[in-house]
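Chemist: Fold the stuff below for me.
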Amino acid sequence: MGLDNGIMLKIKDKERFGEIPAWIRREPWEDEHNYDYEILYWRKCWNVRAEILTYLAADDDEYQWNLSLMELRDIFKILNHLYHWHSWDSSQSIWSWDEIGESYKNNLKYARKVLRWLETKPADSFEVYFYDSY
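Modeler: Numbers count the residues shown, from 1 in each chain. Here you go, the predicted model:
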């Protein structure tokens with residue numbers, strides 16, 4: 001076990017939501033088991049967790065928080081600041097910036113594309129949530 005965090009997309013009404021574009025990252029087994037869609041994921045990044053939970057004013061008893069698209073946009077701004085070699089605190093993650101920096105920036109770019117796409121969807125046809133497995 002350990003610390004896993006992520007931001008996920010759950011489609012509540014597939015008919016109203018519409019088709020999923022081919023550029024959405026998805027493994028065949030995720031479809032087979034009807035898993036939610038992963039937008040962002042972090043493994044053992046206490047710095048990311050702390051920043052997001054502070055923004056959410058989260059209670060320690062909770063493990064999942066629904067996010068509005070505006071909150072998602074705000075979290076992306078937080079991550080944009082954190083995702084720089086001078087801001088990344090390697091003592092708060094098992095990863096050094098050299099190990100994950102490029103992939104985390106690319107993942108954030110992908111997540112922003114997902115956000116723009118979600119803005120075109122009926123708001124009540126999906127949910128976006130942050131989870132904390134700590």
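Chemist: got any ranges where the chain has weak pLDDT?
Modeler: Scanning the chain for pLDDT under 70 picks out the ranges 1.
Chemist: Mind naming the longest helix for it?
Modeler: Longest helix in the chain by number of residues (criterion: DSSP state H): helix 97-118.
Chemist: quick one, the next helix or strand after it and helix 97-118 angle?
Modeler: Using DSSP states H and E, the helix or strand that follows helix 97-118 towards the C-terminus is strand 126-132. Put simply, strand 126-132 runs at 160 degrees to helix 97-118, going by axes from the mean of the first three to the mean of the last three CA atoms, to 10 degrees.
Chemist: Quick check: neighbours of strand 126-132 in the sheet, parallel or antiparallel?
Modeler: Sheet pairing for strand 126-132, assigned by DSSP bridges, gives strand 4-11 (antiparallel), strand 64-67 (antiparallel).
Chemist: for the ones you listed, which one sits closest to Leu82?
Modeler: Among the strands paired with strand 126-132, the nearest to Leu82 by CB to CB is strand 4-11 (12.8 Å). (C-beta placed from N, C-alpha, C; glycine too.)
Chemist: next SSE after the closest one?
Modeler: Where DSSP H and E defines the elements, the next helix or strand beyond strand 4-11 is helix 14-17.
Chemist: rewinding a little: could the strands paired with strand 126-132 be laid out in CSV, adding mean neighbour count?
Modeler: Formatted as CSV, the strands paired with strand 126-132 follow (neighbours: other CB atoms under 10 Å):
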stretch, mean neighbour count
strand 4-11, 18
strand 64-67, 14
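Chemist: mind giving me TSV with the ones you listed and columns for distance to Gln92?
Modeler: As requested, those are exported to TSV (distance: least, CB to CB, whole Å):
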stretch	distance to Gln92
strand 4-11	13
strand 64-67	20
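Chemist: Other residues contacting stretch 111-125?
Modeler: 7, 9, 11-13, 16-18, 21, 23-24, 39-40, 69, 72-73, 76, 126, 128 (CB atoms under 8 Å, 6 or more residues apart in numbering).
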